[in-house]
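# missing the sequence, but the structure's below:
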């Protein structure tokens, strides 16, 4: 009987220490909260399948993809026009600067360069790299979108 109470006395503080540790939020949720705090008008929506849906007046759809096997993070934004507005570029540059910890002027230059390359000669689906970021810009008759990601090995 004495051995059981001694064992319980040893295990009880360890179990209490584990129970008292606060639950840590996911890194991706922290990143979405940071985006919301630093970008005016950005709202955080639901999370589904490792993707956090965001909202902003300058974009029709905004998503933050969390780390997976082959990418560290991914930012996706779509606008309602073939030629995106300066507010859309500002949103993309601000968000990707925060997500990938790169200066905002660099992300703005990469996004405008990617969108600017679409046209008659290169088509409506352009992939480019700028400052170790993979950028893919697409457009159709009514909208344009950009996806910015970075590989796990970079």
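Sure, I can see it. In this text, all values refer to a predicted model and were calculated from it rather than measured experimentally. Residues are numbered from 1 along each chain as shown.

# Distance-wise, check the residue sitting nearest the centre point of the chain relative to residue 145.
When CA atoms, centre = their mean is applied to the chain, the residue found nearest the centroid is residue 64 (3.3 Å). Separation of residue 64 from residue 145 (CB to CB, to the nearest Å): 14 Å. C-beta: built from backbone N, CA, C; applies to glycine.

# quick one: contacts of the helix or strand that contains the residue nearest to the centre of the chain?
For residue 64, the host element (DSSP states H and E) is strand 59-65. For strand 59-65, contacts defined as CB atoms under 8 Å, 6 or more residues apart in numbering pick out 28, 31-32, 35, 42, 50-56, 71, 73-80, 88, 91, 95, 99, 143, 145, 149.

# Repeat that for stretch 105-125.
With CB under 8 Å, 6+ apart, stretch 105-125 has contacts from 84, 89-90, 92-93, 96-97, 100, 126, 128, 130-131, 133, 135-140, 144, 146, 148.

# Just give the number of residues close to residue 47.
15 (other CB atoms under 10 Å).

# can you list the residues that contact the helix or strand containing it?
Using DSSP H and E, residue 47 maps to strand 43-48. With contact meaning CB under 8 Å, 6+ apart, strand 43-48 is reached by 28, 29, 32, 33, 35, 36, 52, 53, 54, 55, 56.

# Can you tell me which helices and strands whatever helix or strand the second one lives in packs against?
This points to residue 29. Assigned by DSSP H and E, residue 29 belongs to helix 27-38. Counting contacts by 3 or more CB pairs under 8 Å, 6 or more residues apart in numbering; DSSP states H and E, helix 27-38 packs against strand 43-48, strand 51-56, strand 59-65, helix 86-100.
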